[in-house]
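1. any chance you can model this:
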Amino acid sequence: MSRVSRRAFLRSIVQLGAGAVLYKFDNGTFRIATAAGPEVYQLRIIHTNDHHSRIEPAPAVRIGTGVGGAAITRNLGGVARRKTLFDQIRAEPTPADKLFLDAGDVFQGTLYFNQFEGDADLWFYNQLGYHAGTIGNHEFDKGDQVLADYVAAATYPIVSANLGATAPSPLGALKVTGEPTAAGQIADRTIVTLTSGKKVGVFGLTTPETPNISSPSANVTFNADLVAVAQAQIDALKLAGADIVVALTHIGYLDDIELARATRGLSVIVGGHSHTPLLNDPVGELPFGQPRIDGPYPTVTTDLDDNTVLVLTDWEWGKWVGDVVIGFDAANLVTSAASGSNPKPVWADGLVGARALLTNEGAEITPDATFQAQITNVYKPLIDTLANQIIGATTVELSNTLARSAEIALGNMLADAFRERLMASPGDNPENLPIVAIINGGGIRTSIPIGDITLGKLLEVIPFGNTMARVDVTGAQLKAALENGVSALGGTSGTGRFCQVAGLRFWFNRRGLPARPPVAATSTTPALPAQAGTRVTRVEVFTGTDYEPLNLTARYRVVTNGFMLTGGDGYFVFTPGGDQADPSVGGGTNQLDTGLIDADVVSAYITAESPVSPQVEGRIVELVDRQILTGIFNAFTFPATP
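-> The predicted structure follows:
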């Protein structure tokens, strides 16, 4: 998605907020005024989401372009500087009422999670002073117990109203209905009484996709009727005396907007999950590192009663801190929203060559001394030891930027490592079935620069601790898997299913029908039937000497990861239960989780092949107007367009 134009930006305001007017002041601040009554109260909401264990700043975030197209970069984020910023905001006298919220996915993404499994994040989050947090899907990446340990030791309320848990899951004893009765619980909702005495009700929602994209046990459930759950929570909070109700969600930006429009009584939604950059920058004035702008901050919409609802989200990794002052009238309806200088970038170090600051770029925020000491003296030594083990080298940059939408060299290397490891065990393949590898692009979490590759860097690339697995499928099932892989292109959710492959190549056109499992009816939407995908136009499988067209009735062996073997990211065709978008093809057979850790498999491959130099080869080709496009437009000669 490209940066929105000024016209599109202003049009989005009009479309989302009937009766809302946007004002831009000379100092660069914005204010949204609504059609409610006179303003009598102000609430400042400070929020984060999708922290992903980014204890230290995200390095070298591109914030501009220099001479000759060279990237201008800056480090952003880090919990030590977030603490400084939070403390500065708390010290500001007006407005008196400030609400600090986190919208989930605290876990996963750096070596801090691999090493400490949430304990490091917990130490900082317990001292950042959040009034409430919700649960994201990645909180389940290590199963129920790691999340249960975090919740039990958390000193701030954790809420998720659509999450259920029963024994023997350790979360069963921690999940309570309604408001929390003690610390260390997962409640449906909580009421925060602020300095003025104003009561703000907060309830949580977790994406119902969690069982498909993470690893909760069968004893943890997620109610998919989010509208019904939300309305029940709003009503309960109002009955319990809440003046204002805030939804704290981890369901994604577009779903947040739909939730607001389908309920009544909500004032604000603070969301996460989709890593959505919201910013008021229609003419590109702000060097905040955003890859694009997906909407205005805050986004204004209306509920079933035509009252204003504000939707907030804060991109990712603690690079920014969301910060907005919201006005209310005597009936506790939203009257205005002033975003000040937009979400606040957490300006860290990383000024290369002592360059001058760009216009609107901030000076480095001083890290909190206590937080920095904890990082430097307690956590970082173990991280450095882990990270510094060299396992090989690469002669080319291995970027993950396009992992969710196109073939990438890094994806090819990972898929090759899996395929070669399985091919090294011929005794496990007595029928000599052609072997292909399919892995999910969403599992490729960062890039590898040219030079030495350390174990630490590899674990940042594939941090989930997945195992290598295999399954036998028919050609029709293999095509269904590829259809699932390209089904979410063009959307903002589920794109992690885009597949990186080895041992095959395929062509697709996103204008075909996307594969879609049946969708159950909710209180506001009708049921939708299953829909087989038609985006994949051609598949060829390497059979030992050459590529041959896919035979829909032949059998193939797929090597993948344990997450996908059990239907993760929508790959239900690998399970005995079969494909959900095209049930006619059935499901795979002869499933086996090898127990081999993915990082061990890839590490051994890199060491054996070092220095590695994978390339984009035309394994995945997108067809647009019958012209062949690849992720980086390399010059290849392909067979004729199907």
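
2. Lys83 touches Phe371, doesn't it?
-> Yes: between Lys83 and Phe371 there is a contact at 5.0 Å, judged by CB atoms under 8 Å. Bear in mind the C-beta positions are built from the backbone N, C-alpha and C, glycine included.

3. tell me, what's touching these two both at once?
-> 124, 127 (CB atoms under 8 Å, 6 or more residues apart in numbering).

4. list the buried residues of stretch 591-598.
-> By 16 or more other CB atoms under 10 Å, the buried positions in stretch 591-598 come out as 591, 594, 596, 598.

5. looking at the third one now. What's its pLDDT?
-> What it means is Leu596. We note a pLDDT of 82 for Leu596 in this prediction.

6. ok, it to Ala554 distance?
-> Counting by CB to CB, to the nearest Å, the gap from Leu596 to Ala554 is 27 Å.

7. poorly predicted segments of the stretch 451-600 of the chain, please.
-> Counting by pLDDT under 70, the ranges of the stretch 451-600 of the chain that qualify are 492-494.

8. can you give me the strands for it?
-> Secondary structure of the stretch 451-600 of the chain by DSSP state E, counting those that start in this stretch: the strands cover 451-454, 467-474, 499-502, 504-508, 536-542, 547-549, 555-561, 589-597.

9. turn those strands into CSV, columns for distance to Thr48.
-> Shown next, in CSV, are the strands of the stretch 451-600 of the chain (distance: least, CB to CB, whole Å):
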stretch, distance to Thr48
strand 451-454, 29
strand 467-474, 32
strand 499-502, 30
strand 504-508, 36
strand 536-542, 39
strand 547-549, 47
strand 555-561, 29
strand 589-597, 31
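
10. and those: which comes nearest Leu122?
-> Among these, the nearest to Leu122 by CB to CB is strand 589-597 (24.6 Å).

11. quick one: strands adjacent to the closest one?
-> Applying DSSP bridges, strand 589-597 is found paired with strand 467-474 (antiparallel).

12. which other residues reach the strand it pairs with?
-> Strand 467-474 is contacted by residues 418, 421-422, 428, 433, 481, 552-562, 564-565, 573-574, 585-586, 588-598, 601 when judged by CB under 8 Å, 6+ apart.

13. outline the domain layout of the protein.
-> Annotated domains of the chain cover 6-374, 388-629 [automatic domain parsing].

14. can I get these in CSV including distance to Lys380?
-> Listed next are these as CSV, based on distance: least, CB to CB, whole Å:
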stretch, distance to Lys380
domain 6-374, 8
domain 388-629, 12
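
15. which of the ones you listed sits closest to Leu382?
-> Smallest distance to Leu382 across the domains of the chain (CB to CB): 5.7 Å, for domain 6-374.

16. pLDDT weak spots in this structure?
-> Within the chain, the stretches with pLDDT under 70 are 1-35, 339-341, 492-494, 625-642.

17. now Ile234, what are its backbone angles?
-> Main-chain dihedrals, Ile234, degrees, to the nearest 10: phi -60, psi -50.

18. from Leu489, how far off is it?
-> Distance from Ile234 to Leu489, counting by CB to CB: 34 Å.

19. okay, those two: which has more neighbours?
-> With neighbours defined as other CB atoms under 10 Å, Ile234 and Leu489 compare such that Ile234 has more, 23 against 18.

20. how about the nearest residue to that one, chain neighbours excluded?
-> Gly265 (4.2 Å; CB to CB, 6 or more residues apart in numbering).

21. could I get the full set of helices for the stretch 401-550 of the chain?
-> Counting by DSSP state H, counting those that start in this stretch, the stretch 401-550 of the chain has helices at residues 409-423, 455-461, 475-485.

22. wait, which of the ones you listed is closest to Asp305?
-> Checking these against Asp305 by CB to CB gives helix 475-485 as the closest, at 39.3 Å.

23. okay, the angle between that closest one and strand 555-561?
-> In terms of direction (axes from the mean of the first three to the mean of the last three CA atoms, to 10 degrees), helix 475-485 departs from strand 555-561 by 30 degrees.

24. angle of helix 475-485 against strand 504-508?
-> With the same axes, to 10 degrees defining the directions, helix 475-485 sits at 60 degrees from strand 504-508.

25. residue numbering should commence at 48 henceforth.
-> Will do, 48 is the new start, and the previous item becomes helix 522-532.

26. now do helix 522-532 and strand 583-589, the angle between them.
-> Using the same axes, to 10 degrees: helix 522-532 against strand 583-589 is 120 degrees.

27. hmm, back to that, residues touching the residue nearest to Ile281, list them.
-> With contact taken as CB under 8 Å, 6+ apart, Gly312 is in contact with 278, 281-282, 285, 292, 350.

28. from these, which land in helices?
-> Here DSSP state H is the test, and the contacts of Gly312 give 278, 281-282, 285 as lying in helices.

29. by neighbours, which of the residues you listed wins?
-> Counting neighbours by other CB under 10 Å, Ile281 leads the ones in helices among the contacts of Gly312 with 23 neighbours.

30. what is the nearest of the ones in helices among the contacts of Gly312 to Phe147?
-> Ile281 (21.2 Å).

31. ok, now how distant is the closest one from Ser314?
-> Counting by CB to CB, the separation of Ile281 from Ser314 is 10 Å.
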